[in-house]
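[1] Provided below for reference: sequence and predicted model.
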Amino acid sequence: PSCALPPTTNATYCCVRDGSCEVSLKTRKNCQFCRYKLCLACGMKTTWVLTGEERKQKFEGRGKRKRNSEDQEGENIDGNLATVSGFITEEEMLEVNDLLKTSGYFEMSKVNDMETSLIRDIIRMIAFSHRLPTTGQKQLKDVLGKRFRKIDQKIERVSVAVL
């Protein structure tokens, strides 16, 4: 079999077909050797190959996050906030959630009022631990200010209607 030793790792990749495997989106996980060889031919640097320890660190907790989000599907956004933080009682949390539902502003995917650049900055901040640029901070502050004022107006209307 054909074998290769990436200089930055301790792993040895071997091919049982003497380096003649087809590498496509569907077959890319079948032969690490042929995939590695193709990546090098396309210009990949050998320093981009992660060591076992680097892989663990980078991908640690990925499966856990996915399972947790599936478990909480259908629950309110801050359902466990009361038990975790101790700052707000469960009764107060229920009241906040009821007010949000009443206001009609309880949708999780409301980004229509955000600029595309702000959404990208937020994604970079979350995914890559980048800081939110000053312009992004200002945009986010403006968006949240508008949202809070809108919710405040709706709550005032609801409380006047109740009285």
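    Cool, got the structure.
[2] Please report how far residue 119 lies from residue 111.
    Plainly put, residue 119 is 6 Å away from residue 111 if you go by Cβ to Cβ, to the nearest Å. Backbone N, C-alpha and C define where each C-beta goes, glycine included.
[3] try residue 134
    Separation of residue 134 from residue 111 (Cβ to Cβ): 21 Å.
[4] and if you look at residue 123?
    11 Å.
[5] So what's the residue count around residue 36?
    Using other Cβ atoms under 10 Å, residue 36 has 19 neighbouring residues.
[6] Could you tell me how far the host helix or strand of residue 93 lies from the centre of the chain?
    Following DSSP states H and E, one finds residue 93 within helix 90-103. Helix 90-103 has its C-alpha centroid displaced from the chain centroid by 26 Å (Cα atoms, centre = their mean, to the nearest Å).
[7] Stretch 156-163 now?
    For stretch 156-163, the distance to the chain centre is 38 Å (Cα atoms, centre = their mean).
[8] quick one: average confidence on that stretch?
    Taken as a whole, stretch 156-163 carries a mean pLDDT of 76.
[9] With stretch 54-72 instead?
    Mean predicted lDDT for stretch 54-72 stands at 62.
[10] now the strands: where do they sit in this protein?
    Using DSSP state E, the strands of the chain run over 2-4, 13-15.
[11] among those strands, which gets the worst mean confidence?
    strand 2-4 (a mean of 63).
[12] What about residue 146, how many residues nearby?
    11.
[13] ditto for the one 5 residues further on
    Neighbour count for residue 151, taken as other Cβ under 10 Å: 17.
[14] Let me know the pLDDT of it.
    In this model, residue 151 carries a pLDDT of 85.
[15] and if you look at residue 20?
    86.
[16] Which residue, other than its chain neighbours, is closest to it?
    residue 34 (7.6 Å; Cβ to Cβ, 6 or more residues apart in numbering).
[17] thinking again about what came up before, for the record, mean pLDDT for the helix holding residue 93?
    On average, helix 90-103 scores 75.
[18] And the residue nearest the centre of the chain, how close does it get to residue 162?
    With distances taken as Cα atoms, centre = their mean, the residue of the chain nearest its centroid is residue 127 (5.7 Å). To residue 162, residue 127 is 43 Å away according to Cβ to Cβ.
[19] same check, this time on residue 116
    Taking Cβ to Cβ, one finds residue 116 at 39 Å from residue 162.
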